[in-house]
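Participant: Quick one: sequence and predicted model below, then my questions.
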Amino acid sequence: MKRIESKINTASSDFQANAEHNRKLAEAFKAMQHKARHERPERDIQRLKAQDKMFVRERLKQLLDPGTPFLELSSLAANEAYEGDVPGAGVVCGIGVVSGREVLINAGDASVKGGAWYPLSVKKTVRALDIAIENRLPVVHLCDSAGGFLPLQAELFADKYYAGRIFRNQCMLSKMGVQQVAIVLGHCTAGGAYVPGLSDYNVIVRGTGAIFLAGPPLVKAATGEEVTVDELGGCDMHTSISGTADYPASSEEEAIAIARDIVGQFKRPDKTRIEWLPPEAPYYDPAELYGVLPRDIKQGFDIREVIARLVDGSRFHEYQPAYGKTLICGYAHLWGYKIGILANNGVLFNDSALKGAHFIELCNQNRTPILFLQNITGFMVGKEYEQRGITKDGAKMIMAVSNSEVPKITVMCHGSFGAGNYGMSGRAFDSRFLFSWPQSQISVMGAEQAANTLADVKIRQLARHGKQLSAEDIAAIRDPVVAEFKRKSSAYYSTSEIWDDGILDPVDTRNALGIAISAALNTPIGDPRYGIFRM
């Protein structure tokens, strides 16, 4: 493969201004992430100490193999919900290495509202277990939860993708032969009792761990029976009488050590074989991504400059380089793995949509995982393009994306607007992983477009009634729409709502993608079967 020849002048004032701007965004992101991960009210820290419990990050350190990477998912989930009081949605999820095995970790954070499940806690856990199912990853559950947050029970209990989906997903994993171990470090109450109950193995800590469908106060209210926590659901009862738990442990350290030994007995998966070469660092420094990315979301840039700072040796075999130039397609290696790349270099025209659909078919034919790099304003609109069949050609690309069998991974590098998000494997199209960069935006259209559209509708409505709006009246309609669109299209709002699997610092993206590709290869690649391509 030929090395990409960068056309960026890293000494230019524009590059330096971009770099300063994007470094500040990355620093702000890292500060927010640190706060969500580590900063807690003193009363919550002291409460854990009084209960002889470790902080969730200390538990992870004990569980993970030393010196191995941990890809945390949705670290800023719920950062703009619940008045900011539920950092990380009260759950830590991610992919790490335990006893030499890749596993998904689902850990309750008891320093946040006692580990209570909020609606976004449930959504994050369901998504994590979806990832385990899609990638056949064994799961380690670190259980420490106060149960569902009752004031919001209507938003977390009854519907298809609410709390019951957690347990359904556990059952699916068991059916698939993907093993799970639960470590009961605190209370597992009500539905939460089924997390260890549905795991293949579970370990429970004496004195702090407990499993019951209803705690002592509810039991007394319902039946009049007075019973202690240990009698009702403690370590010794469940490991010697009910058989609900498998292994007793006298401390958290011992429980985690037992769980590590259990994971060490798990069968290693036979990974799907794809082309692999010894990994090679990019020729161009990934830190230069800060200078490549424009300060303005509306400003274009050559996406090849991003590819050059992600892939091995900055080498890229570009497919159909003279056709459909607003969509860059081609092959590269990343951490040694061969991948196909679809990357936006402008709006999707008829030819670029057709090129993308055909390239997706090629990647499926030769069993090559696909990386989508999104910077897309959408498909081209207008009379000429509709007559040429842009809707029909866009539908072909969406059909190819939807029916693709090879692993898909998506990174929202800049803008992700309108149906272009769909064609480039947005959230609805089952990418194994989807990440955002701090400056990226996603919405049905740009803020200014939306505001102008709504203002125009209002002006025409009033004109039909003989009324006219002044410039001040139009601004009064337009400005709040712009502000709200910008807030809700930001990467921080998106990740708060778990529309992605987390924000990444651009310079960390290569490593995150390497972990994601490795995890995805635990699942066999099937033969694609496509629907109807409208010709």
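Facilitator: Great, that's in hand.

Participant: Just the helices from the stretch 151-300 of the chain, written as ranges.
Facilitator: Applying DSSP state H, counting those that start in this stretch to the stretch 151-300 of the chain gives helices spanning 164-176, 194-197, 216-223, 229-233, 235-237, 252-263, 289-292.

Participant: mean pLDDT for those: which is lowest?
Facilitator: Mean pLDDT is lowest for helix 216-223 among these, at a mean of 91.

Participant: For the stretch 1-150 of the chain, just list every one of the helices.
Facilitator: Using DSSP H, counting those that start in this stretch, helices in the stretch 1-150 of the chain cover 13-38, 42-50, 56-63, 119-135.

Participant: Same question for the stretch 301-450 of the chain.
Facilitator: Going by DSSP H, counting those that start in this stretch, the stretch 301-450 of the chain shows helices at 304-307, 350-365, 383-387, 390-403, 420-423, 447-464.

Participant: Need the residues that contact the third one.
Facilitator: Here helix 383-387 makes contact (Cβ atoms under 8 Å, 6 or more residues apart in numbering) with 349-350, 379. Every C-beta, even on glycine, is put in place using the N, C-alpha and C of the backbone.

Participant: What of stretch 53-66?
Facilitator: By Cβ under 8 Å, 6+ apart, stretch 53-66 touches 37-38, 45, 48, 70, 92, 96-100, 105, 107-111, 140, 142, 144, 185-186, 208, 252-253, 256-257, 259-260.

Participant: Just the CA atoms of that stretch, as CSV, please.
Facilitator: Extracted in CSV, the C-alpha atoms of stretch 53-66 (Å, rounded to 0.1, in the frame of the first residue of the first chain):
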residue,chain,number,x,y,z
LYS,A,53,-15.7,-1.2,50.6
MET,A,54,-13.3,-0.2,47.9
PHE,A,55,-14.1,2.6,45.4
VAL,A,56,-15.1,1.1,42.0
ARG,A,57,-11.9,2.2,40.4
GLU,A,58,-9.9,0.4,43.0
ARG,A,59,-11.9,-2.7,42.3
LEU,A,60,-11.1,-2.4,38.6
LYS,A,61,-7.4,-2.1,39.4
GLN,A,62,-7.6,-5.3,41.4
LEU,A,63,-9.5,-7.1,38.7
LEU,A,64,-7.7,-6.2,35.5
ASP,A,65,-4.3,-7.7,34.5
PRO,A,66,-1.5,-5.3,35.3
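
Participant: Identify each buried residue in it, please.
Facilitator: Neighbour-count burial for stretch 53-66 flags 53-56, 59-60, 63-64 (criterion: 16 or more other Cβ atoms under 10 Å).

Participant: Tell me the predicted confidence for the closest residue in space to residue 336 that isn't next to it in sequence.
Facilitator: Residue nearest to residue 336 in three dimensions, not counting chain neighbours: residue 279, with 4.2 Å by Cβ to Cβ, 6 or more residues apart in numbering. At residue 279, the model reports a pLDDT of 98.

Participant: Surely residue 279 is in contact with residue 338?
Facilitator: No - counting by Cβ atoms under 8 Å, residue 279 sits too far from residue 338 to count as a contact (11.8 Å).

Participant: These two - which one has more neighbours?
Facilitator: Between residue 279 and residue 338, counted using other Cβ atoms under 10 Å, residue 338 has the larger neighbour count: 20 against 14.

Participant: what's the spacing between residue 366 and residue 334?
Facilitator: Distance, residue 366 to residue 334, by Cβ to Cβ, to the nearest Å: 16 Å.

Participant: that older thread, can you say which of the helices of the stretch 151-300 of the chain is packed in most?
Facilitator: The highest mean neighbour count among the helices of the stretch 151-300 of the chain, using mean count of other Cβ atoms under 10 Å, belongs to helix 289-292: a mean of 24.

Participant: Can you give the distance of that one from its chain's centre?
Facilitator: 23 Å (Cα atoms, centre = their mean, to the nearest Å).

Participant: Pretty sure residue 100 sits against residue 267.
Facilitator: No - the pair residue 100 and residue 267 fails to qualify as a contact (Cβ under 8 Å) at a distance of 12.0 Å.

Participant: Run through the residues that contact the nearest residue to residue 411 once chain neighbours are set aside.
Facilitator: Nearest residue to residue 411, sequence neighbours excluded (Cβ to Cβ, 6+ apart): residue 435, at 5.1 Å. Contact partners of residue 435, counting by Cβ under 8 Å, 6+ apart, are 410-412, 500-504, 509, 512.

Participant: same deal with residue 237?
Facilitator: Residue 237 makes contact with 230-231 under the criterion Cβ under 8 Å, 6+ apart.

Participant: possible to save the contacts of helix 383-387 as TSV with neighbour count, distance to residue 358 and pLDDT?
Facilitator: Output for these, formatted as TSV (neighbours: other Cβ atoms under 10 Å; distance: Cβ to Cβ, whole Å; pLDDT from 0 to 100):
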residue	neighbour count	distance to residue 358	pLDDT
349	20	14	97
350	20	13	96
379	24	17	94
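
Participant: right, and out of those, which lies closest to residue 241?
Facilitator: residue 379 (63.3 Å; Cβ to Cβ).
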